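Trainee: here is a sequence together with a model predicted from it:
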Amino acid sequence: METISGTVLAGRSLEPVRGRVVVEGGRIEAVEETDTDSTDVVIPAFVNAHTHLGDSVAKEAAVGLSLDEAVAPPDSLKHRRLANADRGELVSAMRRTLRFMRRTGTVSCLDFRESGVEGARALREAGADAEVDPFIFGSGDASVLDVADGYGASGANDDAFAAERAACEERGRPFAIHAGEPDATDIHPALDLDPDLLVHMVHAEREHLERVADGSVPIAVCPRANEVLDVGTPPVRDLLDHTTVALGTDNVMLNPPSMFREMAFAAKRFDVSAREVLRMATAAGAEVADLDCGVIAPGRRAALVVLDGDSDNLSGSVDPVRAVVRRATPLDVERVVV
């Protein structure tokens, strides 16, 4: 049995509790309110709701490029770099990114993996000893579901994706799709596919939001990547008012997959509370992929980040939730407990 003491951001409400988390057999046995001298802050480990880890072979290569030039299939800079990378280079690069994510508090990510079956297998290999469990949304034809956890479609303007959606339905796997990134033209066609997850929705309008709410379709937003690619700003407040919204970092070639940076950016840019942002970075992503993490509560898997609340950065903070979301950095991470 292990006990982790301090200020615990407990439950889905992330209510600060002075006390301890009791862990036994890899699961949370109890969250107890009790006197403690610990200045640590204990939070749920992060779930990054949208990544492209294959981009790890081309960090910063797309600076100054448009969306189409940087990442659009099939001829963007990203896809050319992926085509030219040998398998060993790709696996090593993705593994190193996963190790960075683990050190900075992320225990899982929902990754859109290019290159079909072989791409999914490469990510499985990269994740095998990285202590981060990627949830793989594969690409190519439906046979990728033999390896991947679900299917990730590039966008409804790129292809019909009806066969892939049907294969997901038959196998009970989630179907995710980019929508509303450069403009709104692919949002209704994406919704027509009855997706389990929409990614971006930068240009969502009221008619789209109504359909999202009616279908309870969760959305992953990646505001830093949207800004880098100059595609616009997602209406995060409106999205939250209609559905579950999770936070992702998107392409590794554009931004480091740091949930601390993504949270701080979102909290300071949008009309959202710190609690909403932290929930977007933890419970929401876990719920999308049905992962047993993202919440500190009895019976749940123990996936925790312990921050030094007395670090030079966090000392003197009057609100632990706001401090975690708006101020904390990887330098404040004492350890990740999984």
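Mentor: Received, thanks. Keep in mind it's a predicted model, so treat the numbers as computed, not measured.
Trainee: show me what the residue found closest to Ala289 once you drop the neighbours it is linked to in the chain is bridged to.
Mentor: What sits nearest to Ala289 in space, not counting adjacent residues and going by C-beta to C-beta, 6 or more residues apart in numbering, is Phe135, at 4.5 Å. All C-beta atoms are positioned from the backbone trio N, CA, C, and that covers glycine. For Phe135, the beta-bridge partners are Leu110 (DSSP bridges).
Trainee: any idea how far Phe135 is from Arg121?
Mentor: Separation of Phe135 from Arg121 (C-beta to C-beta, to the nearest Å) stands at 15 Å.
Trainee: ok, now Val277?
Mentor: Following C-beta to C-beta, the distance that separates Val277 from Arg121 is 34 Å.
Trainee: okay, these two: which has more neighbours?
Mentor: Neighbour totals were compared for Val277 and Arg121, and Val277 leads with 28 against 20 (other C-beta atoms under 10 Å).
Trainee: which element is that one on?
Mentor: helix 274-281 (DSSP states H and E).
Trainee: tell me which other helices or strands that helix touches.
Mentor: strand 46-52, strand 245-247, helix 259-269, helix 320-326 (3 or more C-beta pairs under 8 Å, 6 or more residues apart in numbering; DSSP states H and E).
Trainee: go again with 6 Å.
Mentor: strand 245-247, helix 259-269, helix 320-326 (3 or more C-beta pairs under 6 Å, 6 or more residues apart in numbering; DSSP states H and E).
Trainee: immediately after the shortest one, which helix or strand?
Mentor: Per DSSP H and E, the first helix or strand lying C-terminal to strand 245-247 is strand 250-251.
Trainee: what sits up against that following strand?
Mentor: Contacts to strand 250-251, defined as C-beta atoms under 6 Å, 6 or more residues apart in numbering, come from residues 50, 52, 55, 71, 222, 225.
Trainee: which of those lies closest to Asp238?
Mentor: Checking the contacts of strand 250-251 against Asp238 with C-beta to C-beta, the nearest one is Cys222 at 16.4 Å.
Trainee: bridging residues for the residue nearest to the closest one when sequence neighbours are not counted?
Mentor: Residue nearest to Cys222 in three dimensions, not counting chain neighbours: Asp250, with 3.8 Å by C-beta to C-beta, 6+ apart. As for beta bridges, Asp250 partners with Thr51 under DSSP bridges.
Trainee: about what we covered before: so what touches the helix holding Val277?
Mentor: 14, 46, 245-247, 259, 263, 266-267, 321-322, 325.
Trainee: biggest separation within those, which pair?
Mentor: Between any two of those (C-beta to C-beta), the greatest distance is 20.0 Å, for Ala246 and Arg322.
Trainee: what about the two, which has more around it?
Mentor: Legend: neighbour count by other C-beta under 10 Å for Ala246 and Arg322, higher for Ala246 (28 against 17).
Trainee: for the more buried one, what are its contacts?
Mentor: Applying C-beta under 6 Å, 6+ apart to Ala246 gives the contacts 49, 220, 280, 284-285, 288.
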